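*Asks:* Test case, fold it:
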Amino acid sequence: MGMAQLVVTAVLVEGRSKSEVARTYGLSRRWVITLVQRYQALGDAGLEPRSRRPKRSPQRTPIAVENEIIEIRKTLAKAGHEAGAATIAFHLQRRHGTTPAVSTIWRILSDRGFVTPQPHKRPKSSYVRFEAAQPNERWQGDMTHWALTNGTTVEILNLIDDHSRLCLTSHARPVIKATDVDRTFRRAADHYGNPASFLSDNGAIFTGRYRNRGRVALEVTLNERGIAATHARPYHPQTCGKIERFHQSLKRWLTKQPPAATIAELQAQLDTFRSYYNHQRPHRALDRRTPAEAYAARPKAVPTGIPLDTNGWRVRHDIVDNCGKLTLRHSSRLHHIGIGRRHHGRPVLILVKDLHVRISTNNGEVLRDFELDPSRDYQPQPKT
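*Replies:* Numbers count the residues shown, from 1 in each chain. As a prediction, the model looks like this:
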């Protein structure tokens, strides 16, 4: 028997006064009277607990604002854009100069059935993030695929700035060749300036290191301009995670557009998305700034390597042996070059012009720069 029933029984069955019952059970006399009245009016149902929810809430988000939140969500999702609570808050702030809290918007979306529960993910604190401190400190480049209406698969080359996520270019062609990458990079560099470094995967359009030990057109350009070239570890796309995420955003948007029948139509769509992505879309990793705003906010980095004049140079890739040496043939004679045991197993780039030899890492770090002595088999390291 619950407390309410005990109170009602004491008053109506045992005939005890309401004041006495209130003192016995530690209740107010007003509450005892209320319980008795409810029982007399509704019976046992009148003793059931009732909701304490207020009949009105001055702090509740107005229905008009809730409807606007849903309208923005539907518009962004239909266009294939990011449509999370933080993005909706960004658009409300721009429209009205004020916005409900992100948590409030998320609750409204959940109540209206727009949020699908997901299994628990790794905590964000477990991720190790790498981000360039300045615009142009590092560019990322990668290629992805898209299908036209007739089923033909074309390729899209994207370049982004690591610090600001600014899309530098998005270019579609039937097949992206190494010369296309170089040409696209040069156009982007002419507009935005040369980056300090360039990051890509190990695709044949970006490096010849794993195939013929030669160099592709982009590598020649990077060396000529003193730009450090870095590549992701094989089978580890997380290194180029920012541009992989850009591919995802781009394809989500393209899926919502009328299918392109030609490369020209696809290129027009890419240009439209690039403009929206750079100048209108708030980016979560940039504190809800647009990439263009983040790119313009800080001074630009510049190449720190020594530009190389490759005209007349003989170029080859090699790996430092376990003894810290390299071999180089000159005038039909094999010479051994000391690099240092600490560099054993390290891939290097060797440039030779007459007797001038320059040896550097693939990141642009110069290990040795010297004049070859043809009379000696072993070229020792300089004494420090």
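
*Asks:* in the one helix or strand in the chain whose mean pLDDT sits lowest, what's buried?
*Replies:* Among the helical and strand segments of the chain, the one scoring lowest on mean pLDDT, DSSP states H and E is strand 314-319, with a mean of 81. Neighbour counts over strand 314-319 (16 or more other C-beta atoms under 10 Å) mark 315, 317, 318 as buried. To be clear about C-beta, it is placed using only N, CA and C from the backbone, and glycine gets the same treatment.

*Asks:* Just name the closest of the residues you listed to residue 349, please.
*Replies:* Within the set of the buried residues of strand 314-319, residue 317 lies nearest residue 349; the separation is 6.0 Å, counting by C-beta to C-beta.

*Asks:* Could you list the low-pLDDT ranges of this protein?
*Replies:* Per-residue confidence for the chain (pLDDT under 70) gives these ranges: 1, 118-129, 210-214, 306, 308-312, 363, 384.

*Asks:* Leaving out chain neighbours, which residue sits closest to the residue most central in space within the chain?
*Replies:* The centre of the chain sits closest to residue 242, judged by C-alpha atoms, centre = their mean, with a distance of 3.8 Å. With C-beta to C-beta, 6 or more residues apart in numbering as the measure, residue 140 is the residue that lies nearest to residue 242, at 5.7 Å, once sequence neighbours are left out.

*Asks:* and whatever helix or strand the one you found lives in, what does it pack onto?
*Replies:* For residue 140, the enclosing helix or strand under DSSP states H and E is strand 139-147. The criterion is 3 or more C-beta pairs under 8 Å, 6 or more residues apart in numbering; DSSP states H and E, and the helices and strands that strand 139-147 contacts are strand 153-161, helix 178-192, strand 197-200, helix 241-255.

*Asks:* Does anything pack onto the shortest one? Which helices or strands?
*Replies:* Using 3+ C-beta pairs under 8 Å, 6+ apart as the contact criterion, the neighbours of strand 197-200 among helices and strands are strand 139-147, strand 228-231.

*Asks:* Same list (those) but as a markdown table, adding mean neighbour count and distance to residue 175.
*Replies:* Written out in a markdown table, the entries for the helices and strands packed on strand 197-200 read as follows (neighbours: other C-beta atoms under 10 Å; distance: least, C-beta to C-beta, whole Å):
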| stretch | mean neighbour count | distance to residue 175 |
| --- | --- | --- |
| strand 139-147 | 20 | 10 |
| strand 228-231 | 20 | 21 |
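
*Asks:* Can you tell me which of the buried residues of strand 314-319 comes closest to residue 248?
*Replies:* Within the buried residues of strand 314-319, proximity to residue 248 (C-beta to C-beta) peaks at residue 317, which comes in at 33.2 Å.

*Asks:* in this protein, which spans are strands?
*Replies:* Listed from the start of the chain, the chain has strands (DSSP state E) covering 139-147, 153-161, 167-173, 197-200, 228-231, 314-319, 325-330, 333-338, 347-353, 356-361, 366-371, 378-379.

*Asks:* Give the pairing partners of the fifth one; include direction for each.
*Replies:* Strand 228-231 has the following strand partners under DSSP bridges: strand 197-200 (parallel).

*Asks:* what's the answer for the last one, then?
*Replies:* Using DSSP bridges, the neighbouring strands of strand 378-379 in the sheet come out as strand 333-338 (parallel).
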